[in-house]
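Enquirer: Predicted model and sequence follow; I will ask about them next.
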Amino acid sequence: MQEQIIRSSTPFSRSIVHRDQYRALHSRNLWAHFMNMALALWLICSPALRDYSEPGMIYSDVIAGFALQVFAGLSLSWRFSWARWVCAVLGLWLMSAPLLFWTPNAAAYLNDTLVGILVTGFAIALPPSPGVSSRAELDETNIPPGWDSNPSSWFQRLPIIVLAMVGLLISTYLCAYQLQHIPDVWEPFFAGSRTDPQNGAEEIITSYVSEAWPVPDAGVGALTYALEILSGLVGSHKRWRTMPWLVALFGFMIVPLGIVSITFIIIQPILLETWCALCLIAATAMLLQIPYSLDELVATGQFLYRRKQAGRSLWKVFFLGDEDNGGRVAPEPSFEQRPAAIIKDIVGGGVGLPWNLAVSILIGVGLMCTRLLFGTEGAMADWDHLIGSLTITVAVISLTEVARPVRFLLVPLGICLLLTPFAYGPSLNASLASLTAGLALILLSLPRGDISRRYGSWNRWMF
């Protein structure tokens, strides 16, 4: 009977089927809203149980707890689906409050961070997907037209979530030092050069660059990683067309903020004259997320363009999603495969490692280490470090097939390397290394590498 109603394709019939499915999915996941009600009680009692001393944190947890109790209770009814979003906003506030109040209580920071993540996840990460139109939800298309894979499958999102978890743990640890919850920071490799010759990490996260932020900058990084994890969990395997706004938000947190993170790494030895090993690991995790996120952004952009060409309201489609003509339905990859097959599918989902890009990454690492390799100093060393960092960034972004043309940005970087020895006059070995690396980068930008998948109309741009 439902199939006949769907085939009739009238807005009224679609809304009936969508309502019935929404109610069924909602009733299966009522436990999540009960969990949020329990977490609300936990928040109300937290100031007493964890000996909060700052009034701001006390009021924050108690008020947020009572508000969460109300809106989580409203979320038990499918008619009040908007209440889930209020719960998610409360979760975001809980993750932000310890940073805004600079809480000296380590238990308060960890408590609000963990509870905020759980509240947000329970509110909106479980089916049914909130805010999706019946037209979008009832269409089972999960492969975009001209594509041979699903850019929103769990195999595509899992590497991003795992890498974001690495960044979250590191950033939370560094934030704990900034909030004076721990006495020192573990730094295995780099010694400082100014205020604390024993620890480069502490010098960087207490530098004038970090202190220019009104809140702990490591805490902002931890908050961003947490939001990446949550936005990676929200939405079905069709979200490239059912929740375009979420994919855009997901991409914004990864791509532009990832580049900001790399920029912070670039300035460390130039402005602060030291390094931070944990910061490097976190930045690497952020950078590696970019290749795995771009194909979903491309698919969503193509979808919005097709809907605009079909006469649909762009803003309505952006926020509510829509059906997609010309796509197809395919079974999702299963986690019941052999572990080796699962890892291969997850790691290699539209991302490869052509030999020329691998060599470019090694050249970038070498350029960042010319101070150690050739004893380069001053402006020449700074330029080597800057160009090396940008080389790694360009090469890593180019690992994804949809962004393979980005590799041509290696050409201007190579030209800079050909010019810097004449501008700064380093040693003979450093000059030869710079000239060789510059010429190599220009030549390495030419091979495209294998393209194993189809991406619809985007393939013509992958030269």
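Expert: It's in.

Enquirer: which residues touch residue 133?
Expert: Residue 133 is in contact with 18, 320-322, counting by Cβ atoms under 8 Å, 6 or more residues apart in numbering. For every residue, glycine as well, the C-beta is placed using N, CA and C.

Enquirer: State the distance from residue 201 to residue 212.
Expert: Distance check for residue 201 against residue 212: by Cβ to Cβ, to the nearest Å, it reads 18 Å.

Enquirer: same deal with residue 57?
Expert: 24 Å.

Enquirer: Which one's more surrounded, residue 201 and residue 212?
Expert: When neighbours are counted by other Cβ atoms under 10 Å, residue 201 and residue 212 differ, and residue 201 comes out ahead with 26 against 8.

Enquirer: Show me where the stretch 351-463 of the chain has its helices.
Expert: Along the stretch 351-463 of the chain, counting by DSSP state H, counting those that start in this stretch, helices occupy 355-368, 370-373, 378-397, 410-424, 428-444.

Enquirer: Quick one, which of those helices gets closest to residue 311.
Expert: Of all the helices of the stretch 351-463 of the chain, helix 378-397 sits nearest to residue 311, with 34.5 Å by Cβ to Cβ.

Enquirer: And the closest one, how far out from the chain middle?
Expert: 23 Å (Cα atoms, centre = their mean, to the nearest Å).

Enquirer: Could you give me the buried positions within it?
Expert: Across helix 378-397, burial judged by 16 or more other Cβ atoms under 10 Å covers 380-397.

Enquirer: Output the contacting helices and strands for that helix.
Expert: Judged by 3 or more Cβ pairs under 8 Å, 6 or more residues apart in numbering; DSSP states H and E, the packing partners of helix 378-397 are helix 244-267, helix 277-309, helix 355-368, helix 370-373, helix 410-424, helix 428-444.

Enquirer: what are the ranges of the helices in the stretch 1-150 of the chain?
Expert: Going by DSSP H, counting those that start in this stretch, the stretch 1-150 of the chain shows helices at 2-8, 11-28, 30-49, 55-74, 82-100, 106-124, 134-138.

Enquirer: Lowest average pLDDT across the ones you listed?
Expert: Looking at the helices of the stretch 1-150 of the chain, the lowest mean pLDDT belongs to helix 2-8 (a mean of 44).

Enquirer: give me every residue that touches the residue most central in space within the chain.
Expert: Note on the chain: the residue nearest the mean C-alpha position is residue 254, at 3.6 Å, using Cα atoms, centre = their mean. Contacts for residue 254 (Cβ under 8 Å, 6+ apart) come out as 160, 228, 286, 289-290, 293.

Enquirer: Out of those residues, flag the one nearest to residue 409.
Expert: Nearest member of the contacts of residue 254 to residue 409, counting by Cβ to Cβ, is residue 290, at 13.8 Å.

Enquirer: Pretty sure the closest one sits against residue 397.
Expert: Yes. With contact defined as Cβ atoms under 8 Å, residue 290 and residue 397 form a contacting pair (5.4 Å).
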